[in-house]
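*Asks:* this one's structure only:
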């Protein structure tokens, strides 16, 4: 028997100050549900990085988190500019963020590598001019 | 080191989280790049920074930190402090620059990594 939980968030791309609010909510929910701290931290960081990326690069989008018996799955979907060269974007230190974003403490080119590091799998489906969907999974019961 | 000792070493003013000053922390980090904090921090309980925006508070929350020290007398907004209260964080500010603040903490016995005996 499976009791999947779903959380949906609309990530506001207009307001950098509020970026990360969805990740904060997810972190709280996972804590309430009694998940181990290590799992909660990995989910929170991966989602937070993704959320920040959506605000910086794609004017926001949709975030969905699903919890099932085996995985916590985070799907981040935007209709932004897309990523022209994914392997380049995955390199630590590579960033196309504006200087104004760096002044806010982000855009060091660590977001995508960090998301991969903290999750068990990450898939990037991106088309230039159409948008990007990132699916990350964190295994439970490992 | 207790958080109240950090306050004393830095001559800092506590802006929220007074009730948590007796908590112990084992290590600290210092950065103005939240990207780096998210990438490299492991078990550091204290963040020393000169960057002031709500993402600093959220980043500390994501990393399970317990205390933020704003250097150079940077003043967080009331909205940021509300967020910090919600997360159960101590926030303080010191007139020191980051380098000196870190130096005092290090000299006072606060390392850069949790459990210095277990440095990888």
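*Replies:* In hand now; what should we look at? Predicted, not measured: the structure shown is a model, and the values here were computed from it. Residues are numbered from 1 along each chain as shown, chains lettered A, B, ... in the order given.

*Asks:* could you give me the average pLDDT of the helix or strand where residue A:24 lies?
*Replies:* Under the criterion DSSP states H and E, the helix or strand holding residue A:24 is helix A:21-32. For helix A:21-32, mean pLDDT rounds to 96.

*Asks:* Could you list the buried residues of it?
*Replies:* For helix A:21-32, the neighbour count (16 or more other Cβ atoms under 10 Å in any protein chain shown) marks A:21-24, A:26-27, A:30 as buried. C-beta: built from backbone N, CA, C; applies to glycine.

*Asks:* ditto for stretch A:3-17
*Replies:* Within stretch A:3-17, the residues that count as buried by 16+ other Cβ under 10 Å are A:9, A:11-13, A:16-17.

*Asks:* From start to finish, how long is it in a straight line?
*Replies:* 34 Å (Cα to Cα, to the nearest Å).

*Asks:* Tell me which residues are up against that stretch.
*Replies:* For stretch A:3-17, the external contacting residues (Cβ atoms under 8 Å, 6 or more residues apart in numbering or on different chains) are A:18-19, A:21-22, A:25-26, A:29, A:33, A:51, A:54-56, A:58-68, A:76, A:101, A:104, B:53-55.

*Asks:* I only care about those residues that end up buried; give me the PyMOL line for that.
*Replies:* Remark: buried members of those, expressed as a PyMOL selection using 16+ other Cβ under 10 Å:
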select buried, (chain A and resi 19+21+22+26+51+54+55+56+58+60+61+62+63+65+67+76+101+104) or (chain B and resi 53+54+55)
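
*Asks:* center of chain A - which residue?
*Replies:* By Cα atoms, centre = their mean, chain A has its centre lying nearest to residue A:50, at 2.6 Å.

*Asks:* Against residue A:64, how distant is that residue?
*Replies:* According to Cβ to Cβ, to the nearest Å, residue A:50 stands 11 Å off from residue A:64.

*Asks:* tell me, what's touching the two both at once?
*Replies:* residue A:74.

*Asks:* about what we covered before: which ones among the buried residues of stretch A:3-17 are found in strands?
*Replies:* Cross-referencing those against strands under DSSP state E gives A:9, A:11-12.

*Asks:* Now render those as CSV, adding pLDDT.
*Replies:* Formatted as CSV, these follow (pLDDT from 0 to 100):
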residue, pLDDT
A:9, 97
A:11, 95
A:12, 93
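
*Asks:* Which one of those is nearest to residue A:140?
*Replies:* The nearest member of those to residue A:140, counting by Cβ to Cβ, is residue A:9 at 21.0 Å.

*Asks:* Give me the contact status of the longest helix seen in chain A with chain B.
*Replies:* Assignment by DSSP state H gives helix A:37-58 as the longest helix of chain A. Yes. Judged by Cβ under 8 Å from any Cβ of the partner chain, helix A:37-58 comes into contact with chain B at A:37, A:41, A:44-45, A:48-49, A:52.

*Asks:* Any of the residues you listed buried? List them.
*Replies:* A:41, A:44-45, A:48-49, A:52.

*Asks:* which among those gets closest to residue B:27?
*Replies:* Residue B:27 lies nearest to residue A:41 out of those, by Cβ to Cβ, at 16.2 Å.

*Asks:* for the chain, what are the low-confidence residue spans?
*Replies:* I'll assume chain A. For chain A, applying pLDDT under 70 flags the ranges A:1-2, A:142.

*Asks:* that's the wrong chain, I wanted chain B
*Replies:* Looking at chain B by pLDDT under 70, you get B:114-120.

*Asks:* Now do the strands in it.
*Replies:* Taking DSSP E, the strands of chain B run over residues B:13-16, B:28-30, B:46-49, B:67-70, B:90-93.

*Asks:* Can you lay out these as a markdown table showing mean neighbour count?
*Replies:* Listed next are these as a markdown table, based on neighbours: other Cβ atoms under 10 Å in any protein chain shown:
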| stretch | mean neighbour count |
| --- | --- |
| strand B:13-16 | 18 |
| strand B:28-30 | 22 |
| strand B:46-49 | 24 |
| strand B:67-70 | 26 |
| strand B:90-93 | 24 |
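
*Asks:* For chain A, which of those strands is the nearest?
*Replies:* Closest of the strands of chain B to chain A is strand B:46-49, at 8.1 Å (criterion: Cβ to the nearest Cβ).
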